[in-house]
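**Q** Based on what follows, work out the 3D shape:
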Amino acid sequence: MGENVAEAIVKEHGRIDLLGNSAGVNVPKRSWEDGTLASWDQLVDINLNGVMYCMRAVLPTMRAQKDGTIINVASWAGRERAAGGWTVTADGGVGLGGAGEAIAALATALVEKIEP
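**A** Numbering: from 1, shown residues only. Below is the predicted model:
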């Protein structure tokens, strides 16, 4: 589906300059004890997979243009300042903290892959 949207944007506007990933869900029971596999799957499908699917859809066009910006917005839930950077804590819930960190890791890996 994401590829169809990207193709429609290119058809109408001739290029894709910006992708802003900002969709996300929270689940009410997010501790290890209360969480369910279904809520985990929902959170990962929207918060993490949605980011990846959208990036995959626009990257071929951005690479061909040799230009484009991707902005990924992720939850800060469960993060605290620690020596040397940010760390995930249990306060924000396993899913939100984990998905936020995964989005950051995905974005970092992408930048390292495409930058010279």
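
**Q** Do I have it right that Leu19 meets Ile70?
**A** Yes - under the criterion of Cβ atoms under 8 Å, Leu19 makes contact with Ile70 at 4.7 Å. The C-beta positions use only the backbone N, C-alpha and C, and glycine is treated the same way.

**Q** any residues in contact with both of these two?
**A** Shared contacts of Leu19 and Ile70 (Cβ atoms under 8 Å, 6 or more residues apart in numbering): 55, 58.

**Q** Give me the phi and psi for Phe47.
**A** Not quite, residue 47 is Asn, not Phe. Main-chain torsions, Asn47, degrees, to the nearest 10: phi -70, psi -30.

**Q** Please report how far it lies from Leu19.
**A** 16 Å (Cβ to Cβ, to the nearest Å).

**Q** Measure how buried the residue nearest to Arg15 when sequence neighbours are not counted is and give me the count.
**A** Distance criterion Cβ to Cβ, 6 or more residues apart in numbering; nearest residue to Arg15, sequence neighbours excluded, is Gln65 at 5.6 Å. Using other Cβ atoms under 10 Å, Gln65 has 13 other residues around it.
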